[in-house]
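**Student:** Mind looking at a prediction? Sequence and model below.
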Amino acid sequence: MTTPLVVFDLDGTLIDTAPDLMASLNHVLDQTGHPHVAFEDMTWLVGQGAKVMIERAWAIHDHPASPEQLETAFDIFLARYAAEMPGRSRPYPGLIAALDRLSDAGMQLAVCTNKTEALARKLLDAMELSDRFAAITGGDTFNVRKPHGDHILCTIDKAGCRAANSVMIGDSINDILAAQNAGVPVIAVPFGYSDKPVASFNPDIVIEHFDELGEQLVRGLIAAREHAS
Ligand SMILES: O=C(O)COP(=O)(O)O
Ligand SMILES: [Mg+2]
């Protein structure tokens, strides 16, 4: 049997990045003459990458931006966010033990994020996690990104695995839709950044804590999908 693969989303799933994202976003808002956002807003600002996050933050106060203004703001964001990394960002409780369990069970791991690939790699390097993943892909790695199913399918391919043996895990509607579009089972976590309860997006299962993530759960989801098809 081909090696099972678990594909992780990054922001709000592997790592709690919202405080740092918000600090860099508010720096951009200062520089561009816009009011700050509050921490509660991050649940719907994060998920589609930094550019969309900036656009959404501007839209709160009805300030549409030109593509040029957005590019400038994005550059300010990237410089600040990268310079401060890893800041206060931390892996979620139980993550490292869960990654160990899955690897010890012979499973492969990958990251599929809408963050830029360079930022994702820098953050995972700073957390000393990069070496655990057979593939790390960002919102700019391919010409599609989540919720497009091909972002996940291309990540699986890059990791040298097969979709029929893969499971996605994420915190937002983009992850769940992308997995559904890719035909891959999806585990949702409720501790990330979603403005609606993740269960309302119909994931295959919701886990409250990484203690629940292990070989049995992953193999069970893959077997159930195989049985259904
Ligand atoms: O940073 C974002 O907006 C999205 O990142 P994620 O896909 O890792 O959640
Ligand atoms: Mg996320």
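**Tutor:** Sure, I can see it. Ligands and ions are numbered 1, 2, ... in the order given.
**Student:** going forward, measure contacts and count neighbours with C-alpha atoms only.
**Tutor:** Noted.
**Student:** the helices in the protein, which residues?
**Tutor:** Listed in chain order, the helices of the chain (DSSP state H) span 18-31, 42-45, 50-60, 67-84, 95-104, 117-126, 149-158, 173-182, 215-228.
**Student:** Quickly list the domain ranges of this protein.
**Tutor:** 5-16+91-228, 18-84 (automatic domain parsing).
**Student:** tell me the pLDDT at the residue located most distally from the centre of the chain?
**Tutor:** Going by CA atoms, centre = their mean, the residue of the chain most distant from its centre is residue 33, 29.0 Å out. pLDDT for residue 33: 89.
**Student:** try the one 3 residues further on
**Tutor:** The predicted local distance difference test score for residue 36 is 94.
**Student:** Residue 29 is in contact with that one, correct?
**Tutor:** Yes: using CA atoms under 8 Å, residue 36 makes contact with residue 29 at a distance of 6.2 Å.
**Student:** if we can go back for a sec, and the helices of the chain as a markdown table, adding mean neighbour count and distance to ligand 2?
**Tutor:** Output for those, formatted as a markdown table (neighbours: other CA atoms under 10 Å; distance: least, CA to the ion, whole Å):
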| stretch | mean neighbour count | distance to ligand 2 |
| --- | --- | --- |
| helix 18-31 | 19 | 10 |
| helix 42-45 | 19 | 10 |
| helix 50-60 | 18 | 12 |
| helix 67-84 | 15 | 17 |
| helix 95-104 | 16 | 15 |
| helix 117-126 | 18 | 12 |
| helix 149-158 | 22 | 14 |
| helix 173-182 | 23 | 7 |
| helix 215-228 | 14 | 19 |
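**Student:** mind checking which of those is nearest residue 191?
**Tutor:** Between residue 191 and the helices of the chain, the shortest separation by CA to CA is 10.3 Å, and it involves helix 42-45.
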